[in-house]
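Participant: Fold the stuff below for me.
(one chain, ligands or ions: 1)
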Amino acid sequence: MTIEYINGLEVDAITLSEIVQSLPELDRQTGPFTFISVNPQIGLHAEDYPEIVTFINQATHRIPDGIGIVKVSQQQEKKIKERVAGIELMYELLKFADTHHKRIFLYGAKPDVLSQAVENIERNYPGLTVAGSIDGYTNMSEQDIVETINRSQTDMVFVALGFPRQELWLANHYQEVEAKYFQDVGGAFDVISG
Ligand code: UDP
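Facilitator: From the prediction side, this is the model:
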C-alpha cells in the first residue's frame, strides 16, 4: 500500500478489492483499524482542523474517496487507481460482519433515518447483530456515548455525523472505544434508509 500526499494529507493507494481481500487477515490481528475517507472537503479545510489531519495521518486506512484525488494522483504519475467510495466500503464491511457474525454500532443521522437504516441492515445482513445505535442529534454527553458503545460490545462502529463532526468525534474518542473497526461514513445511513 503506497502513501501519497494530497493537500498535505496522507492517502493510501488502495482499492476496494484489496481492502476486501485483506479483511480476513486484519480480523486475525489486534486492531483497532480506522477506515477514514479522504475527500476534497477535508483537503480544502485541512488547515482549519490540524487535529483531523493528525488523526487521518495516523489512521490505518486513508481511503481515496474523491475522483479529484484520483485525478491529481494520476497526473503526478502516482499510484491511486480508483476512487473508493465510503459507502461501498461500508457495504463490504457489513457483508464481512454478516458472514463472520460480527456486532455493529451505528452513530449518527436523524432518529427516523437511523431506525430505518437499522431495520434495512438487519433485514439485508441477517448474520450480523446491530449491537446498538445513537442518533446524531442526541443530548447524550460524549462520555455517555462512549460508555454506551462500550457496553454494546460491538466489533464495528460506523460514524455518520458529516464533516467535520465525525472526524473530530473519532479523533477524540476512538481510542476509548473498545471496538476493532471504525469508519466515518458521511451520509451513508441516509442512503441505506432510503
Ligand atoms: N448529521 C448528524 N448530526 C449533525 C450533523 C449531521 O447526525 O449534527 C448527519 C446527517 O443527518 C447525515 C450525515 O450526518 O446523516 C451527513 O450529513 P451531511 O450530508 O450534512 O454531511 P456531509 O455528507 O456533507 O459530510
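Participant: which residues does the residue most central in space within the chain contact?
Facilitator: Nearest to the mean C-alpha position of the chain, counting by C-alpha atoms, centre = their mean, stands residue 183 at 1.5 Å. The contact partners of residue 183, by C-beta atoms under 8 Å, 6 or more residues apart in numbering, come to 34-36, 86, 89-90, 93, 156-159. C-beta here means a position set from N, CA and C on the backbone, and glycine is covered the same way.
Participant: which residues in the chain form helices?
Facilitator: Ranges of helices in the chain, per DSSP state H, are 16-28, 40-45, 50-58, 67-75, 86-99, 111-124, 142-152, 165-173, 188-193.
Participant: Now for the residue of the chain found nearest the ligand, how many residues are close by?
Facilitator: For the chain, the residue closest to the ligand is residue 136, as judged by C-beta to the nearest ligand atom, at 1.7 Å. Neighbourhood size, residue 136 [other C-beta atoms under 10 Å]: 20.
Participant: quick one: contacts for it?
Facilitator: Applying C-beta under 8 Å, 6+ apart, the residues contacting residue 136 are 107-110, 114, 160-162, 165.
Participant: ok, now with 7 Å
Facilitator: Residues counted as contacts of residue 136 (C-beta atoms under 7 Å, 6 or more residues apart in numbering) are 108-109, 160-161.
Participant: returning to that earlier point: export the helices of the chain to JSON lines and append columns for mean neighbour count, mean pLDDT and distance to the ligand.
Facilitator: Listed next are the helices of the chain as JSON lines, based on neighbours: other C-beta atoms under 10 Å; pLDDT from 0 to 100; distance: least, C-beta to the nearest ligand atom, whole Å:
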{"stretch": "helix 16-28", "mean neighbour count": "13", "mean pLDDT": "97", "distance to the ligand": "19"}
{"stretch": "helix 40-45", "mean neighbour count": "17", "mean pLDDT": "86", "distance to the ligand": "7"}
{"stretch": "helix 50-58", "mean neighbour count": "16", "mean pLDDT": "93", "distance to the ligand": "12"}
{"stretch": "helix 67-75", "mean neighbour count": "16", "mean pLDDT": "80", "distance to the ligand": "15"}
{"stretch": "helix 86-99", "mean neighbour count": "19", "mean pLDDT": "98", "distance to the ligand": "9"}
{"stretch": "helix 111-124", "mean neighbour count": "16", "mean pLDDT": "98", "distance to the ligand": "6"}
{"stretch": "helix 142-152", "mean neighbour count": "15", "mean pLDDT": "97", "distance to the ligand": "12"}
{"stretch": "helix 165-173", "mean neighbour count": "19", "mean pLDDT": "97", "distance to the ligand": "6"}
{"stretch": "helix 188-193", "mean neighbour count": "22", "mean pLDDT": "98", "distance to the ligand": "5"}
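Participant: so which of the ones you listed gets nearest residue 10?
Facilitator: Nearest to residue 10 among the helices of the chain is helix 50-58; the distance by C-beta to C-beta comes to 4.8 Å.
Participant: any idea of the angle that closest one forms with helix 165-173?
Facilitator: 80 degrees (axes from the mean of the first three to the mean of the last three C-alpha atoms, to 10 degrees).
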